[in-house]
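Student: coords below, sequence missing:
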């Protein structure tokens, strides 16, 4: 039954994501993407909240929106939005911290709220930039590398994994699986290069795939550390058979921005 749920959920997600990336106007893609990011952010706040850090979810969502809106409204500088988010947090906590109990919780609440914006919303905003500034084919390249890398890590690591890579964050990840992930990511980069970017030098495509997958292999267990710290397997049960929204984008949190900068400064 779990396999059926995973398959159905994956089919719906893949169909929706492809339709949005390939055919949706920028504003539609942006709105749906923002909804996904904010759902992932809410799950992050729920996780750290289990450790008693008391992040201010509504404030964090407003701050995240300030940052994400700079993707669509490019006349607003990103650094201005980041400062506005910090300013909003400062004003909120100065006004809201009125009791000894709130004062005791202030440092961790302030930090957890800001971390959610800078760790989840800010980097995922680069996925919008890739699609809006460069087009859908670049996102397909990124997804081919990251998702095939994840697939290779599973299919190689499961039968052949002997040496643990991140025993605390992800006990099932192994160095053998990591090598399989790099192999599949390189294959994904080669495939995407021949189909989407035939003018791109093959060595550039392969090197990009390996570097981006390395970031994804760090990004995945980094998210897992938050889950392990509170003793849960998934960030939520929002997506049947696939955990939560935060689980679905964990590898892209570091891989997406890195790919954006590679395209911006090395490909063009």
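Tutor: Sure thing, it's come through. Keep in mind the model is a prediction, meaning the values are calculated, not measured.

Student: Now the terminal residues of stretch 256-268, how far apart.
Tutor: Criterion C-alpha to C-alpha, to the nearest Å; first-to-last residue distance in stretch 256-268 is 17 Å.

Student: Can you list the buried residues in that stretch?
Tutor: Buried positions in stretch 256-268, judged by neighbour count with 16 or more other C-beta atoms under 10 Å: 256-260, 262-263, 267. C-beta: built from backbone N, CA, C; applies to glycine.

Student: Sitting in helices, which of those residues do you find?
Tutor: Judged by DSSP state H, the buried residues of stretch 256-268 include 256-260, 262 as members of helices.

Student: Check the residues you listed against residue 144 and report the nearest one.
Tutor: Nearest to residue 144 among those: residue 259, at 11.1 Å, using C-beta to C-beta.

Student: Tell me who's in contact with the closest one.
Tutor: Contact analysis of residue 259 by C-beta atoms under 8 Å, 6 or more residues apart in numbering lists 126, 130, 138, 141-142, 145, 208, 212.

Student: Let's see that with 10 Å instead.
Tutor: 126-127, 130, 138-139, 141-142, 145-146, 208-209, 211-212, 215-216, 252, 267 (C-beta atoms under 10 Å, 6 or more residues apart in numbering).

Student: how near is it to residue 24?
Tutor: 21 Å (C-beta to C-beta, to the nearest Å).

Student: on that earlier part again, JSON lines for the buried residues of stretch 256-268, including distance to residue 38 and pLDDT?
Tutor: Listed next are the buried residues of stretch 256-268 as JSON lines, based on distance: C-beta to C-beta, whole Å; pLDDT from 0 to 100:
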{"residue": "256", "distance to residue 38": "16", "pLDDT": "97"}
{"residue": "257", "distance to residue 38": "18", "pLDDT": "97"}
{"residue": "258", "distance to residue 38": "23", "pLDDT": "98"}
{"residue": "259", "distance to residue 38": "22", "pLDDT": "98"}
{"residue": "260", "distance to residue 38": "20", "pLDDT": "97"}
{"residue": "262", "distance to residue 38": "27", "pLDDT": "97"}
{"residue": "263", "distance to residue 38": "25", "pLDDT": "96"}
{"residue": "267", "distance to residue 38": "30", "pLDDT": "93"}
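
Student: and which of these is nearest to residue 162?
Tutor: residue 258 (29.1 Å).

Student: The closest one contacts residue 210, doesn't it?
Tutor: No - counting by C-beta atoms under 10 Å, residue 258 sits too far from residue 210 to count as a contact (11.6 Å).

Student: Pull out the buried positions in the helix ranked longest in the chain.
Tutor: Using DSSP H to define each element, the chain has its longest helix at helix 202-230. If you call a residue buried by 16+ other C-beta under 10 Å, then helix 202-230 has these buried ones: 205-206, 208-217, 219-224, 226-228.

Student: Repeat that for stretch 134-152.
Tutor: Those would be 134, 136-150, 152, for stretch 134-152 by 16+ other C-beta under 10 Å.

Student: what's the helix or strand hosting residue 189 packed up against?
Tutor: Following DSSP states H and E, one finds residue 189 within helix 175-196. Contacts defined by 3 or more C-beta pairs under 10 Å, 6 or more residues apart in numbering; DSSP states H and E place helix 175-196 against helix 136-160, strand 164-166, strand 170-174, helix 202-230.
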